[in-house]
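Chemist: I need the structure of the sequence given here:
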Amino acid sequence: MNSYRALKAKEVELSLAALQERLVQCPRVNDQHAGVLARLEELLAAFATELLNIEPVIHDAAFRTEVDIILNQISIFLSIVETQYLRGLATPSSDELFLRTIFLNCLKRLGVDWIDDMVVQGSGELAIYPEFYGSPAMPAFHIPTGLLDFFLSLPGVYHEFGHSAFAKFPSILAAMQQTCHTFFHQLRQHLGPMQPHLRAAQLERFQEAEEFWTDRRLEELFCDLFAQYICGCSNIVSMIDLSMAKGSATYDMDDLDYPPDAARVRVCILALTSEQANEPSTKHLIAEWEEYAQQFSDSQPYREACPEKLLLRTHSWSRRLRSLCGLILCSSVSE
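Modeler: Now for the predicted structure:
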C-alpha cells in the first residue's frame, strides 16, 4: 500500500503538470505578463526537480521531515498561483489588461522601479499580493468590478502600492517600531509620583497601548500615509468614504489588521500641507467627518494607543520616507 507521502507526491506531481499546461495556454499577446509567466515557469521547474529528488527517499523514515517540507512548499506555491495569479493570466479581461497598463505607468512615474510586471484580476476587493517568493518584482493586484466607477476609492490604489514599498524596504517597519517604542518609553519615564499599585496599573496600560501597534497595523498606517502624500486632498475623501460608507464605528479597536478609522483619518489630515488644509472644500470635508465621528464615543484604550502626539510623530517621521525610499512622491498629483 502506498504511504500518504507517496500519494501526496503523486498528487503534487499531477498538479504541477496541470499548472504547466495552463501556463503554456496563457495568452501572450504583445508579451503581456511575460515577466510573471517566466518567473512562474522558473519556479515550477525548480519545484518539479525537487519533487524528483525526494522520490527515492519518499518511504524512508529518516527523510520524513525533508519530504514533508518540500511537499508543503510545493502545495503552498500551487495555492498562491491559483488564488493570486492564474485567473488573471489565463483569462484576463480587457478592463484588467487596461488597468494593468495604467498601474504600471503610474508606478513608473512614481519611481517604483523594482516592479517589473504584474497581474491584475477582478476578485471583488482592492488588494495587492506584494511579494512573491521574496521578490516584490511581480505583484498580483486585485480589483473590484467596475473600479473606475467608484472614483472615491481610486486613491486606495496608491495605498496598495504602499504595501509594495513596505515589503521592499524593511527599514520602514524598523523606524516605525522605534517611533512607537520611543514614544511610550518617554511616557513611562515621565510618570510622576503615585502609589505603587496605580503606577503598576498605568505602566500596564502603556504596555498594552504599545503592543496595540503590531507590525500589521503599522504597515496599514504607512500605506495610508503613502497614499496621502501622493494623492493629497483626494485621499482624505477616500479615507472618509472608507469609514462612512460602511457606517463603521470610528474608534473600534477590534480589527487585528487595521488601526481604528479615527486614527487613520486623523493621521492623513495631519499630513495635509497647509495649502491643502486651508482649501475650503477640504475644510468642509473634515467638518463633515468630525460631525460623523461625534456619534461614536472613544475609549481610554483608544486615547492611550492613538494619542495625537503619537500620530504627529508618525506623520512627521513619514515625511522623510521620500528620501529614505528614493521614491518620487509628488503630493500635487491630485491638486
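Chemist: for the stretch 101-250 of the chain, which segments are assigned as helices?
Modeler: 156-168, 170-189, 196-212, 215-231, 233-244 (DSSP state H, counting those that start in this stretch).
Chemist: can you put those in a markdown table and add mean neighbour count, distance to residue 115 and mean pLDDT?
Modeler: (C-beta placed from N, C-alpha, C; glycine too.) Shown next, in a markdown table, are the helices of the stretch 101-250 of the chain (neighbours: other Cβ atoms under 10 Å; distance: least, Cβ to Cβ, whole Å; pLDDT from 0 to 100):
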| stretch | mean neighbour count | distance to residue 115 | mean pLDDT |
| --- | --- | --- | --- |
| helix 156-168 | 23 | 6 | 94 |
| helix 170-189 | 15 | 17 | 91 |
| helix 196-212 | 13 | 32 | 92 |
| helix 215-231 | 22 | 14 | 93 |
| helix 233-244 | 21 | 21 | 94 |
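Chemist: okay if I get the ones you listed as TSV plus distance to residue 7?
Modeler: Formatted as TSV, those follow (distance: least, Cβ to Cβ, whole Å):
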stretch	distance to residue 7
helix 156-168	36
helix 170-189	40
helix 196-212	44
helix 215-231	37
helix 233-244	46
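Chemist: out of those helices, which is closest to residue 306?
Modeler: Comparison of the helices of the stretch 101-250 of the chain against residue 306 by Cβ to Cβ identifies helix 196-212 as nearest, at 8.1 Å.
Chemist: angle of that closest one against helix 170-189?
Modeler: For helix 196-212 against helix 170-189, the angle between stretch directions is 170 degrees (axes from the mean of the first three to the mean of the last three Cα atoms, to 10 degrees).
Chemist: coming back round to it: what about the helices of the stretch 101-250 of the chain, which gets the closest to residue 95?
Modeler: The nearest among the helices of the stretch 101-250 of the chain, by Cβ to Cβ, is helix 156-168 at 14.2 Å.
Chemist: contacts for the closest one next, please.
Modeler: 103, 106-107, 110, 112, 114-115, 126-128, 130-131, 136, 139, 141, 172-173, 219, 222-227, 230-231, 235, 238, 242, 325, 327 (Cβ atoms under 8 Å, 6 or more residues apart in numbering).
Chemist: what stretches of this protein score poorly on pLDDT?
Modeler: For the chain, applying pLDDT under 70 flags the ranges 1-2, 315-335.
Chemist: how about the contacts made by the closest residue to residue 137 other than its chain neighbours?
Modeler: Closest residue in space to residue 137, ignoring its immediate chain neighbours: residue 116 at 4.6 Å, by Cβ to Cβ, 6 or more residues apart in numbering. The contact partners of residue 116, by Cβ under 8 Å, 6+ apart, come to 35, 137-138.
Chemist: distance of residue 116 relative to residue 34?
Modeler: 9 Å (Cβ to Cβ, to the nearest Å).
Chemist: ok, residue 124 next?
Modeler: Counting by Cβ to Cβ, the gap from residue 124 to residue 34 is 27 Å.
Chemist: now residue 290: which helix or strand?
Modeler: Counting by DSSP states H and E, the element that carries residue 290 is helix 280-293.
Chemist: please enumerate residues in contact with that helix?
Modeler: 233, 236-237, 240, 243-244, 250, 262, 265, 269, 272, 276-277.
Chemist: looking at these, which is nearest residue 186?
Modeler: Of the contacts of helix 280-293, the one sitting nearest to residue 186 (Cβ to Cβ) turns out to be residue 262, at 23.1 Å.
Chemist: please tell me I have it right and that closest one contacts residue 302.
Modeler: Yes. The pair residue 262 / residue 302 is scored as a contact, 7.4 Å apart, by Cβ atoms under 8 Å.
Chemist: so what sits against both of these two?
Modeler: residue 251.
Chemist: higher neighbour count, the two?
Modeler: The residue with more neighbours, out of residue 262 and residue 302, is residue 262; 23 against 20, by other Cβ atoms under 10 Å.
Chemist: and that one, what are its phi and psi?
Modeler: phi -60, psi -40 (degrees, to the nearest 10).
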